[in-house]
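>>> Here is my input, please return the structure:
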Amino acid sequence: MERPKMDRGEFKAADEMFANAWRVSQPELEARARRFAEGQRDRAEELLANTAIKALLFMRRSPQTITDPCGFLFVVLRHVFLDSVRRRGRDREVFDRHRDIDSDGNGFAHDGLSALQKLELDQQLGRVINAVARLNRDQRRLFAYRFIDDLPYPVIAEKLRINQPLARKRVELLRNRIKSAMARD
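Model (predicted):
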């Protein structure tokens, strides 16, 4: 079933609904994000950024379904947080940081996975590698800083000689570019 296209007026109304709800809820959203992130400012800001994007996109797609925009923002924040917890859990399953690589033949955390799980993991890794290979030099450097070296945003901003919000935005755009390239593969 195809959704009807929205006109500019509907986008403007959805954007205003989001902006008003965000303005009213922002202090409490920030406090809750800090609690979820256990006081880590970078993680809290990332939770808020992802919440804002997801909430705005949903409000634009289905503005008529939102009866309590402020409450909706808190629901989205909770879902974003739970997604981040699940993602970290999956990362820990894939990358066993406590295993001594020199002590055995290969040192991969996926040794205990089934053949199908290994195949899926290898295919996904292949898609990531292909997507990263298609990035330009500056994007690959940013990818390495954030996802390989796991540098925090302040350090990335310093290395790139830009401010933190711009570093965050570039990482977000890079993440989206890689996701869309993987989806095309």
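
>>> Would you mind pulling the contact partners of stretch 126-139?
140, 143, 174, 177-178, 181-182, 185 (C-beta atoms under 8 Å, 6 or more residues apart in numbering). Where C-beta positions appear, they are placed from N, C-alpha and C, glycine not excepted.

>>> Specify the local secondary structure of D150.
At D150, secondary structure determined by DSSP: H, G, I helix; E, B strand; the rest coil is coil.

>>> Which pLDDT value goes with it?
For D150, the pLDDT comes out at 81.

>>> Need phi/psi at it.
D150 adopts backbone torsions of phi 60, psi 40, taken as degrees, to the nearest 10.

>>> Next one: it from L73, what distance?
Going from D150 to L73 by C-beta to C-beta, to the nearest Å gives 29 Å.

>>> Comparing these two, which residue is more hemmed in?
L73 (27 against 8; other C-beta atoms under 10 Å).

>>> host element of that one?
Using DSSP states H and E, L73 maps to helix 69-94.

>>> buried sites along whatever helix or strand comes next after that helix?
Next helix or strand after helix 69-94 toward the C-terminus (DSSP H and E): helix 115-133. Neighbour-count burial for helix 115-133, counted by 16 or more other C-beta atoms under 10 Å, picks out 121, 127-128, 131-132.

>>> Also stretch 26-35?
29, 32-34.

>>> Counting only helices, which of those make the cut?
With helices taken from DSSP state H, the overlap with these comprises 29, 32-34.

>>> just the residues you listed now: which is nearest Q40?
R34 (8.1 Å; C-beta to C-beta).

>>> pLDDT score assigned to the closest residue to N163 other than its chain neighbours?
Take N163 and drop its neighbours on the chain: the residue closest to it by C-beta to C-beta, 6 or more residues apart in numbering is A157, 5.9 Å away. Predicted confidence (pLDDT) at A157: the value is 92.

>>> Could you count how many residues lie near A157?
Neighbours of A157 (other C-beta under 10 Å): 19.

>>> Ok, D149 next?
Neighbours of D149 (other C-beta under 10 Å): 11.

>>> before we move on, the earlier item: present the buried residues of helix 115-133 as CSV; the columns should include pLDDT and distance to A14.
Shown next, in CSV, are these (pLDDT from 0 to 100; distance: C-beta to C-beta, whole Å):
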residue, pLDDT, distance to A14
L121, 74, 38
R127, 80, 33
V128, 80, 33
A131, 83, 31
V132, 83, 34
